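Asker: whatever this is, show me its structure:
(one chain, ligands or ions: 1)
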Amino acid sequence: MTVYWAPLNKGHTSPHLAECSSWPPSDSMAFPAGFGWGASTAAYQVEGGWDADGKGPSVWDTFTHQGGERVFKNQTGDVACGSYTLWEEDLKCIKQLGLTHYRFSLSWSRLLPDGTTGFINQKGIDYYNKIIDDLLANGVMPIVTLYHFDLPQALENKGGWLSEAIVESFDKYARFCFSTFGDRVKQWITINEPNIFALLAYDLGIFPPGIPHIGTGGYQAAHNLIKAHARSWHSYNSLFRREQKGMVSLAIFAPWVEPADPNSVSDQEAAKRAIAFSLDFFAKPIFTDGDYPEVVKSQIAFMSKKQGYPSSRLPEFTEEEKRMIKGTADFFALNYYTTCLVKYQENKKGELGFLQDVEIEIFPDPSWISLGWIYMVPWGIRKLLKYIKDTYNNPVIYITENGFSQGDPASLDDTQRWEYFRQTFQELFKAIQLDKVNLKIYCAWTLLDNFEWNYGYNKRFGLFHVDFEDPARPRVPYTSAKEYAKIIQNNGLEEHL
Ligand code: BGC
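Answerer: Okay, the predicted model is just below:
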């Protein structure tokens, strides 16, 4: 899905990794007591029931129904895993794994069909109440995402995330969700991957609404996404926190990035810029001072000038907005999938584009195993966690997504994929034990094979296989599910490194 961070295959050597001398430890790799083990899903990817019981259309309904091969074989999420009617089957999977946490998202237009509280769909409330209550009855903590790419179409018609009016609409929706579900939900994610979403939906136009605004739309949407997140955090803080005692953050997608040539100063700078334009673009305003990284501002201003724009294509926050934005996250939520190498690529002609603004080229090391756009680089997650710890004052971190896909048809014996998960857990163990990273929860992406955005059902990220040809949508565990259940039961790996 995350095409812009999908490196092109070019030849380069692996960065050398120094290991700590006190390693390996004598005990097995047991995680700290109380560590959270979860799995994640998102409404449009699993629910189906696209127009059931009063649900309003979302932009993904419109986009997929338009066809045009923008999604693999013009597939849609109309039925997907059928979780709208088959929630109990999902719960069985959750129990089979022994999850302590389950992250899912609310469909805005299932709750508020036209995006506003003018009309509230009780059937939507009932559906999510049941999920939340069933989870809690089974000792599973819900982590709830308010927004995972599926804007109500009615709001897109009013300009969507390009319009500043969305900030108010999102805040009202968030308040509605906090007041309806916040007595039981204590961990909230406002927005999933605003960085990926802004770029794919409003810059490249690969996601709905499908209209490219290269070089401008992504920044405009990102600006509004940050403000919407911050506003809703303040709403929680002032209206709900005292009584509900929950936590609110947003989930940021970030790859780890290494300079292609570790001895080249320009590649080192390029790697820093890549992180500034991905993770820090959102994390710095929200976790530190309310404003974008300096290098992001100067780079975009420089390119804009070169291209003849009267001012920078990156909008500016007012001083009041900066004060409103800073400090609006109660934990750091990270979605990590892959690592890439980057190299300085001068934008001599001043071309418009995201990578052109960053002036980088991205590609993998040829030794890295790839399945799709994800390169199997488990050590990248440890480096990224350490970077977050050092840059953002040692926050509590949740990994809200991490996973690996299989093509279709997929083998139930997904040994290679399990190897990726297993090595990832080793790296998380090292991050906690050796780097003292404050990691509290890990959520695998994803519970079930599901609608993988532009790839349709052709990429399978699930712990459980779903047969999309069978109306009953049977869920069958992959080897990874069985192995993950053992990890959860042991609270870590039994093995020694
Ligand atoms: C998104 C998911 C998606 C996954 C795999 C993440 O960036 O949040 O919705 O399915 O990547 O591509």
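Asker: and the least confident helix or strand in the chain by mean pLDDT, which strands flank it?
Answerer: When each helix and strand of the chain is scored by mean pLDDT, DSSP states H and E, strand 370-371 comes last, with a mean of 84. Strand 370-371 pairs in its sheet with strand 374-375 (antiparallel), by DSSP bridges.
Asker: now residue 108: how far from residue 314?
Answerer: Distance, residue 108 to residue 314, using C-beta to C-beta, to the nearest Å: 27 Å. In this view, the C-beta of every residue, glycine as well, is placed from N, C-alpha and C.
Asker: neighbour count: the two, which is higher?
Answerer: Neighbours were counted for residue 108 and for residue 314 using other C-beta atoms under 10 Å; residue 108 has more, 27 against 22.
Asker: who's the closest residue to that one other than its chain neighbours bridged to?
Answerer: Nearest non-adjacent residue to residue 108, counting by C-beta to C-beta, 6 or more residues apart in numbering: residue 152, 5.3 Å away. The bridge-partner assignment for residue 152, based on DSSP bridges, gives residue 58.
Asker: count the neighbours of residue 152 for me.
Answerer: Other residues within reach of residue 152, judged by other C-beta under 10 Å, total 27.
Asker: residues touching it, list them.
Answerer: By C-beta atoms under 8 Å, 6 or more residues apart in numbering, the residues touching residue 152 are 56-59, 108-109, 112-115.
Asker: need the residues of the stretch 251-400 of the chain near the ligand, please.
Answerer: Residues of the stretch 251-400 of the chain found near the ligand (C-beta under 6 Å from any ligand atom) are 253, 335.
Asker: if we can go back for a sec, what separation do you get for the residue nearest to residue 108 and the ligand?
Answerer: Computed as C-beta to the nearest ligand atom, to the nearest Å, the residue 152 to the ligand distance reads 18 Å.
Asker: do the same with residue 439
Answerer: Distance from residue 439 to the ligand, by C-beta to the nearest ligand atom: 19 Å.
Asker: so where is the stretch 201-350 of the chain shaky, pLDDT-wise?
Answerer: Under the criterion pLDDT under 70, no range of the stretch 201-350 of the chain is flagged.
Asker: now the helices for it?
Answerer: Assigned by DSSP state H, counting those that start in this stretch, the helices in the stretch 201-350 of the chain fall at 217-235, 241-244, 265-275, 281-284, 294-306, 319-325.
Asker: adding mean neighbour count, write those helices out as JSON lines.
Answerer: Below are these laid out as JSON lines (neighbours: other C-beta atoms under 10 Å):
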{"stretch": "helix 217-235", "mean neighbour count": "24"}
{"stretch": "helix 241-244", "mean neighbour count": "13"}
{"stretch": "helix 265-275", "mean neighbour count": "19"}
{"stretch": "helix 281-284", "mean neighbour count": "23"}
{"stretch": "helix 294-306", "mean neighbour count": "16"}
{"stretch": "helix 319-325", "mean neighbour count": "15"}
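Asker: if we can go back for a sec, which ones among the contacts of residue 152 lie within helices?
Answerer: In this view, the contacts of residue 152 that belong to helices under DSSP state H are 59, 108-109.
Asker: turn those residues into JSON lines, including distance to the ligand.
Answerer: Below are those laid out as JSON lines (distance: C-beta to the nearest ligand atom, whole Å):
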{"residue": "59", "distance to the ligand": "14"}
{"residue": "108", "distance to the ligand": "15"}
{"residue": "109", "distance to the ligand": "17"}
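Asker: which one of the residues you listed is nearest residue 284?
Answerer: Distances from residue 284 to these, taken as C-beta to C-beta, are shortest for residue 108 (27.3 Å).
Asker: wait, the closest one touches residue 147, no?
Answerer: Yes: here residue 108 lies in contact with residue 147, judged by C-beta atoms under 8 Å, at a distance of 6.5 Å.
Asker: three-state assignment of the closest residue to residue 303 other than its chain neighbours?
Answerer: What sits nearest to residue 303 in space, not counting adjacent residues and going by C-beta to C-beta, 6+ apart, is residue 357, at 5.3 Å. At residue 357 the chain is in helix, as set by DSSP: H, G, I helix; E, B strand; the rest coil.
Asker: let's have the chain start at 508 instead
Answerer: Yep, numbering from 508; the last one is residue 864 now.
Asker: how close does residue 864 sit to the ligand?
Answerer: 21 Å.
Asker: now for that residue, how many residues are close by?
Answerer: Residues near residue 864, counting by other C-beta under 10 Å: 23.
Asker: so it touches residue 809, yeah?
Answerer: No: Residue 864 is beyond contact range of residue 809, at 9.1 Å (criterion: C-beta under 8 Å).
Asker: rewinding a little: the contacts of residue 659 into TSV, with extra columns for pLDDT?
Answerer: What follows is the contacts of residue 659, written out as TSV (pLDDT from 0 to 100):
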residue	pLDDT
563	98
564	98
565	99
566	99
615	99
616	99
619	99
620	98
621	98
622	98
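Asker: good, we can wrap up now.
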